[in-house]
Structure formats: structure tokens, C-alpha cells
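1. after the sequence you'll find the predicted model.
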Amino acid sequence: MSPRSEELLAGARDRLGAARVALSAGFPSNAASAAYYAMLYAARAALSEEGRNAKTHSGTWGLFHETFVATGRFDSELYAAAQRTRDLREASDYEAVIVPHADAERIVELAERFVSAVVESTTR
């Protein structure tokens, strides 16, 4: 794995750890946000391995879909689940919507699966 991809993956793991801590400390909105960013950074790490990058969230997700999901290299259902977290993360970050604890738990678990799947797909 390239040094840049390793940096991005380390960022994904850091945010995943922060999500776990926030969840256990009773901050579900922070946990959901950190978990979303863990998935975003993991997606960017995978793209970096392909020599591709995007500057925006939408661009990253679109490029990830084109490069990995549409080609069958990444699970489409896992990708779709990650995409569904974006609206809740934005509502929490920008509109002060409180994320229910159960939803945050689900998002953190999803992020764990997503990051693991990215690691698996980039180390084959």
C-alpha cells in the first residue's frame, strides 16, 4: 500500500476509534459523524491505491462507486448502507439533529465493516 493510502487508512482507523469512544461516552451524534468520516477516509484510501482522488464527499463516493462497486470489486449493499448514513451525518453536523443511540451504534458497526472490507479489497 502506498504511503498516501496508508495515511488515509490510518485516518479512517483513528476516526473509527473516536466513534467508538464517543458512543461509549454517550455522544451518539459525534459517534455517527466520526463513523461516517471513517468510511469516507477508507474510500479515499482505496481510491488512492488506484491513483484516483476527488476533492469532495460526493466526488469521492461517486468515484468509489465507479471504481469499485460498478466493477464488482466492492459489495454494493455495504456501499449503499454507507451512503444512507450521509444524510443523518449532515443533519447532525449542520442542523444539530440528535442521532439516537441505536442509530449511532448501527452506523459505528457499519463503519467497522466498511473499513474492514476496504482493507480486504486493497490487500488482495
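-> Great, that's in hand.
2. give me the most central residue, the protein.
-> Centroid-nearest residue in the chain: Met39, 0.9 Å away (criterion: C-alpha atoms, centre = their mean).
3. pretty sure Gly11 sits against Tyr41.
-> Yes: Gly11 is in contact with Tyr41 according to C-beta atoms under 8 Å; the separation is 4.3 Å. Bear in mind the C-beta positions are built from the backbone N, C-alpha and C, glycine included.
4. and the residue nearest to the centre of the chain, what does it touch?
-> Applying C-beta atoms under 8 Å, 6 or more residues apart in numbering, we find Met39 in contact with 12, 82, 85, 110-111, 114-115.
5. what's the closest of these to Ala22?
-> Taking C-beta to C-beta as the measure, Ala22 lies nearest Ala111 of those, at 11.9 Å.
6. surely Asn30 and Ser24 touch.
-> No: using C-beta under 8 Å, Asn30 makes no contact with Ser24, being 11.2 Å away.
7. about what we covered before: okay, and the residue nearest to the centre of the chain sits in which element?
-> Element membership of Met39, judged by DSSP states H and E, is helix 28-49.
8. what is the helix or strand of the chain with the lowest mean pLDDT packed up against?
-> Least confident helix or strand, the chain: helix 76-95 with a mean of 92, by mean pLDDT, DSSP states H and E. With contacts taken as 3 or more C-beta pairs under 8 Å, 6 or more residues apart in numbering; DSSP states H and E, helix 76-95 sits against helix 28-49, helix 57-64, helix 101-122.
9. pLDDT below threshold where in this protein?
-> Scanning the chain with the threshold set as pLDDT under 70 gives 124.
10. do you know how far Met1 is from Ala12?
-> 12 Å (C-beta to C-beta, to the nearest Å).
11. wait, Thr60
-> The gap separating Thr60 from Ala12 is 12 Å, by C-beta to C-beta.
12. more crowded one of Met1 and Ala12?
-> Legend: neighbour count by other C-beta atoms under 10 Å for Met1 and Ala12, higher for Ala12 (25 against 15).
13. burial count for the residue nearest to Ala81 when sequence neighbours are not counted?
-> Leaving out its chain neighbours, the residue that sits closest to Ala81 by C-beta to C-beta, 6 or more residues apart in numbering is Leu110, at 5.5 Å. Each residue near Leu110 was counted by other C-beta under 10 Å, and the total is 20.
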